[in-house]
Structures are given as structure tokens and as C-alpha cells.
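J.: give me a 3D structure for the following:
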Amino acid sequence: MPNKPADLDWDVIYDEQLPRLYNFFRYRTGNTDVAKDLTAKTMMRAWRFRHKYNQDIGAFNAWLFQIARSIAVDDWRKQQTPIIPLDHIESVASDMNVEAEIQKRDMAACLYRLLSELSTQEQDIIALKFGADLTNRAIADVLSISETNVGTILHRTIKKLKLQWELTYA
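T.: Predicted coordinates for the structure are as follows:
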């Protein structure tokens, strides 16, 4: 029998999971404003469908991040907006080191490009591990794969990213 909504302390859930959700979306989108919006959508959807959560099936955070992944996919389908090149930025604040800022943005754009070239599963694992700060076991619960498989995919993906990064900045 599913948990009753009264069994869940939503204030605690909100406080514990909000930063993880936000970081997950930041890794997936590369945009802080979009990450905030998607985090809010996830929490609203979880609240609306809280009666469907069943602790006998899996951990709450696995259920919550399955909702988050669904929202991320929906958002990706809706928004196929191009990245604006730095050349088109009209003004840069005068108190910053422009060269360092451009290099930082270039490296961030490169990282997000490399991440976008990964498979959806690899992107999810990277975002759940480093964005949401989930353990391999929790990631395995979210993705319905084994913990060993998560570790193997994570290791290979990081190795692939490092190689691509070195080829880009060699």
C-alpha cells in the first residue's frame, strides 16, 4: 500500500532535495535560471503526485529524480535554442578580467558541448553523481540498473571526457 502523503515531511524533503535537484538541472542545462525553473516544476509535480509514491517500490529520492529526469527530457524537447557565441555579447563589465572571463566561458561551453555529446544515460549519471551528489547506489535506484553498472559507466564516461578535453586543449 502506498505511503500516505501525511507520512512524508515535505518541509524536510524540500530542504534536503532542493539543492540536489537544482544541481542536477544545472549540470543538464548549463543555465542557472532554467535549473531553478525545472527544480520548481519537479517539486510541484512531486507534490501533485505524492499519493503515487510507494516506499515498497523504491527510495523516495529515486522516485523524485525519475520525475526530474522526465522534466529534463520534456524541457530539452521544448527548447532547442542555440548558444549565443561570445562574439555577440555587446558589453562586458569593466571591472572584470575580460580575457579570463572569456577563457572561463569558453571552457564551460566546451565542457557542456562534450557533455551533450554523451549518451542520455551517461549524461544522467554525470548529472546525478556530480550535480545531485547522489551515491552510485542511489543512481542505480533512479536509473533501474545495477550499482556496479553505474560505477563502470561513470568510470568510462569520465575517462572519455578527459580524453576529449585533452584533445581539445592540447
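J.: can you give me the strands for the chain?
T.: For the chain, strands defined by DSSP state E do not occur.
J.: can you pull out the low-pLDDT segments for it?
T.: 1-7, 79-96, 170 (pLDDT under 70).
J.: biggest helix in it by residues?
T.: Across the chain, the longest stretch assigned as helix under DSSP state H is helix 147-168.
J.: mind giving me the packing neighbours of that one?
T.: Contacts defined by 3 or more C-beta pairs under 8 Å, 6 or more residues apart in numbering; DSSP states H and E place helix 147-168 against helix 98-116, helix 120-126, helix 136-143. The C-beta positions use only the backbone N, C-alpha and C, and glycine is treated the same way.
J.: any idea how far Glu99 is from the residue nearest the centre of the chain?
T.: For the chain, the residue nearest the mean C-alpha position is Phe24 (2.5 Å; C-alpha atoms, centre = their mean). Separation of Phe24 from Glu99 (C-beta to C-beta, to the nearest Å): 32 Å.
J.: coming back round to it: hmm, who's touching the longest helix of the chain?
T.: Contact with helix 147-168 is made by 110-111, 114-115, 117-118, 121-122, 125-126, 129, 136-137, 139-140, 143, as judged by C-beta atoms under 8 Å, 6 or more residues apart in numbering.
J.: let's go with 6 Å and repeat that
T.: Contact with helix 147-168 is made by Cys110, Leu114, Glu122, Ile125, Asn136, Arg137, Ile139, Ala140, as judged by C-beta atoms under 6 Å, 6 or more residues apart in numbering.
J.: try stretch 120-139
T.: Arg20, Asn23, Phe24, Arg26, Tyr27, Arg28, Glu147, Val150, Gly151, Ile153, Leu154, Thr157.
J.: adding distance to Trp10, write these out as a markdown table.
T.: Shown next, in a markdown table, are the contacts of stretch 120-139 (distance: C-beta to C-beta, whole Å):
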| residue | distance to Trp10 |
| --- | --- |
| Arg20 | 15 |
| Asn23 | 20 |
| Phe24 | 19 |
| Arg26 | 23 |
| Tyr27 | 25 |
| Arg28 | 24 |
| Glu147 | 28 |
| Val150 | 28 |
| Gly151 | 32 |
| Ile153 | 32 |
| Leu154 | 31 |
| Thr157 | 34 |
